[in-house]
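J.: Could you look at this predicted model? Sequence included:
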Amino acid sequence: MTIQVGVLGGSGYTGRELLRLLDLHDGVEVSFATARSAVGSPTPIPGLSFTEAELDRAGSVDILFMCLPHGTAAEWVTAIPEGPRIVDLTADHRPGSGREAKAAYGLAELHADQVRDARLVANPGCYPTGVIFSLLPLLEEGLLDTGRLTVANAASGVTGAGRSPRTELLFAEVEANYKAYGEGNRHRHLKEMRACLEGVQLLFQPHLLPVSRGILETLTVPVVDGVTPAAIREAWTARYGTDGAIQVLSRGLPELRTVVGTDLLALGVSEVEGVDPPVATVVAALDNLGKGAAGQAVQNMNTMMGWPLNRAIRRTSR
Ligand SMILES: NC(=O)c1ccc[n+]([C@@H]2O[C@H](COP(=O)([O-])OP(=O)(O)OC[C@H]3O[C@@H](n4cnc5c(N)ncnc54)[C@H](OP(=O)(O)O)[C@@H]3O)[C@@H](O)[C@H]2O)c1
């Protein structure tokens, strides 16, 4: 069975990555991919060029992906009351958006039951994907001490900010530099993380890495007395298994180079000496355009279609 899919905003960073991934998927045919300024230029799929977005065309496919700027996707969802099932990669329908009641939140490995029958799936943000998948099993298993602060220091490559030109993203500003931004626990992704991690006091501090893609998040996790790294790994593998897109490292901490260009999320944990009450260091690594966007969007489509979750998902970079 082959289904027809369309991509709104296909010429952006997530859109192009999604098109590359869809091209590898033998269950789909890409009917169209839209752009705004790049109309007429070639897509990553041989023989397909970017077109303007049209309502009738958008309504004609089985699955519609939205890789648009924030706010724009909500307008499209309202304009297409019936027709395709939708995977929205923007924040417009995520928890904390005020529109979350309209959508299933697509944490692919955890929310298959909600995603399977949903008409609209809100694909998680890139930073929240690493933080929520790291912490949720620990919270649910009572391993995380919610009475203390959990700190997430996260660093992202520059594609995380999209393609709109901004001075602080120029090569000369980013190259050979490393800096914090969104300080003061005010990053827009916090709403999404807080909504999923009820009771966790979270301090989230993002940084800009001088690489084009990849996210590494180092979390200081307050743990209940007696919780070992082995217990944390066990909580993760109980939820995510051992052969999927979430890789739990049996030792050591993950690095960017092993996840960039893949759809993997790698999780590692270390004990911490000389601190009382106890904490653990958790590191999550993912490609912001892979598991942080396009890879998880394809996983959600797979679930919506009743296909294996990890069909066409990339475990190694090609
Ligand atoms: N970048 C990431 O790592 C990442 C990860 C997870 C989620 N997201 C979310 O995914 C969405 C897309 O992100 P992105 O990084 O791919 O953005 P992007 O690179 O800036 O691409 C935006 C896309 O939307 C098109 N577009 C721009 N303004 C438009 C408008 N007013 N109406 C219709 N189309 C318009 C652009 O067309 P032209 O290029 O032809 O102008 C382009 O195809 C965002 O909501 C973002 O927050 C991004």
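T.: Perfect, I can see it now. Numbering: from 1, shown residues only.
J.: pLDDT at the nearest residue to residue 125 once chain neighbours are set aside, what is it?
T.: Using C-beta to C-beta, 6 or more residues apart in numbering and skipping the chain neighbours, the partner closest in space to residue 125 is residue 189 (4.8 Å). All C-beta spots, glycine's among them, are computed from the backbone N, C-alpha and C. At residue 189, the model reports a pLDDT of 92.
J.: Secondary structure class of residue 206, three-state.
T.: Three-state call for residue 206 (DSSP: H, G, I helix; E, B strand; the rest coil): strand.
J.: Could you do residue 20 as well?
T.: Once three-state DSSP is applied, residue 20 turns out helix.
J.: Could you tell me which residues make contact with it?
T.: For residue 20, the contact set (C-beta atoms under 8 Å, 6 or more residues apart in numbering) comprises 44, 294.
J.: Distance check, it against residue 43.
T.: According to C-beta to C-beta, to the nearest Å, residue 20 and residue 43 sit 9 Å apart.
J.: before we move on, the earlier item: count the residues that sit near the residue nearest to residue 125.
T.: 21 (other C-beta atoms under 10 Å).
J.: Contacts only, for it.
T.: Neighbouring residues of residue 189 by C-beta under 8 Å, 6+ apart: 91, 125, 127-128, 204.
J.: hang on, the earlier thing: give me the common contacts of residue 20 and residue 43.
T.: Common contacts of residue 20 and residue 43 (C-beta under 8 Å, 6+ apart): none found.
J.: Which elements pack onto the helix-or-strand element of the chain with minimal mean pLDDT?
T.: Here the helix or strand of the chain ranked lowest by mean pLDDT, DSSP states H and E is helix 55-58, holding a mean of 93. Here helix 55-58 is seen to pack against strand 3-8 when contacts are counted using 3 or more C-beta pairs under 8 Å, 6 or more residues apart in numbering; DSSP states H and E.
J.: Residue 16 should be in a strand, yeah?
T.: No. According to three-state DSSP, residue 16 belongs to no strand; its state is helix.
J.: got a pLDDT number for it?
T.: Reported pLDDT for residue 16: 98.
J.: Not counting its neighbours along the chain, what's nearest it?
T.: Once flanking residues are discounted, residue 16 sits nearest to residue 44: 5.6 Å by C-beta to C-beta, 6+ apart.
J.: Hmm, residue 18 and that neighbour touching each other?
T.: No. Residue 44 is beyond contact range of residue 18, at 9.3 Å (criterion: C-beta atoms under 8 Å).
J.: Which of the two has more residues huddled nearby?
T.: Per other C-beta under 10 Å, whichever of residue 44 and residue 18 has more neighbours is residue 18, with 29 against 18.
J.: follow-up on the earlier one: for the least confident helix or strand of the chain, report the contacting residues that lie outside it.
T.: Contacts of helix 55-58 (C-beta under 8 Å, 6+ apart): 6, 8, 31-32, 51, 64, 76, 79-80, 83-84.
J.: ok, and of those, which contact the ligand?
T.: Among the contacts of helix 55-58, none lies close to the ligand by the criterion of C-beta under 6 Å from any ligand atom.
J.: give the contact list for the residue nearest to residue 16.
T.: With contact set as C-beta under 8 Å, 6+ apart, residue 44 has these partners: 16, 19-20, 23.
J.: Need the phi and psi values for it.
T.: Backbone torsions of residue 44, given as degrees, to the nearest 10, read phi -70, psi -10.
J.: how much space between it and residue 22?
T.: Going from residue 44 to residue 22 by C-beta to C-beta gives 9 Å.
J.: quick one on the thing from earlier: quick one: which of the contacts of residue 44 is nearest to the ligand?
T.: Comparing the contacts of residue 44 against the ligand with C-beta to the nearest ligand atom picks out residue 16 as the nearest, at 7.7 Å.
J.: tell me the SS of the nearest residue to residue 220 once chain neighbours are set aside?
T.: Leaving aside its chain neighbours, residue 220 sits nearest to residue 151 (4.4 Å; criterion: C-beta to C-beta, 6+ apart). The three-state label given to residue 151 by three-state DSSP is strand.
J.: Noted, bye for now.
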